[in-house]
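*Asks:* Provided below are the primary sequence and the corresponding predicted coordinates.
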Amino acid sequence: MTDPVREVAERLGTLYRAIDTRAMRGLPIHNPRLEVQTVGFRPYRGWALGALVTPWFMNLVLAEIADGPPLPLAGSGESHGLDLPVGSLEFVVGDVEGFGRLDSLSLFSPMASFDDPAVTRMTAAAAVDALFAPVPSAPAAALATPRNRRDLLFGRGAAPS
């Protein structure tokens, strides 16, 4: 029997490699030192959750899996909150031609500050792992301070932005 989460990751990798070759190379936002990678995909509440790395962005992504529940009701371009151990994060609903609905949360775009695929893979893996690490309790004053989602994901959640 096939793993439906792995299937989602493989489909996304194949699709985005084709987009890279067909439409993105040569554009100013394309970083030719990088490659398409799917990182850290795992099941979460019956969906596939992981990181999609391309030479032009790094996103956390959420997708339906075969025989799984539907994603939260929201239209393309709208956002919805997803409760994770790290806290509630907002994912934007998208529709990817050849794939279907893909909800995403941008981590980096463009990818000019990266120059090594191994570093992007480690960064993406750390971001996915951080989703499942509960934020330690902090004094009320720190919780009242607005936080940047990158700070929250990379362990700086209790510090002001």
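*Replies:* Here it is on my side, so go on.

*Asks:* poorly predicted segments of the protein, please.
*Replies:* Residue ranges of the chain with pLDDT under 70: 1, 137-161.

*Asks:* what are the ranges of the strands in it?
*Replies:* Secondary structure of the chain, counting by DSSP state E: strands at 37-44, 47-53, 58-64, 79-84, 87-96, 100-108.

*Asks:* tell me which of the ones you listed sits most buried.
*Replies:* Of the strands of the chain, the one with the most neighbours on average (mean count of other C-beta atoms under 10 Å) is strand 47-53, at a mean of 25. To be clear about C-beta, it is placed using only N, CA and C from the backbone, and glycine gets the same treatment.

*Asks:* neighbouring strands - and their directions - for it?
*Replies:* Partners of strand 47-53 in the sheet, by DSSP bridges, are strand 37-44 (antiparallel), strand 58-64 (antiparallel).

*Asks:* now distance to residue 79 too, for those strands, in CSV please.
*Replies:* Supplementary listing: those in CSV, determined by distance: least, C-beta to C-beta, whole Å:
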stretch, distance to residue 79
strand 37-44, 17
strand 58-64, 12
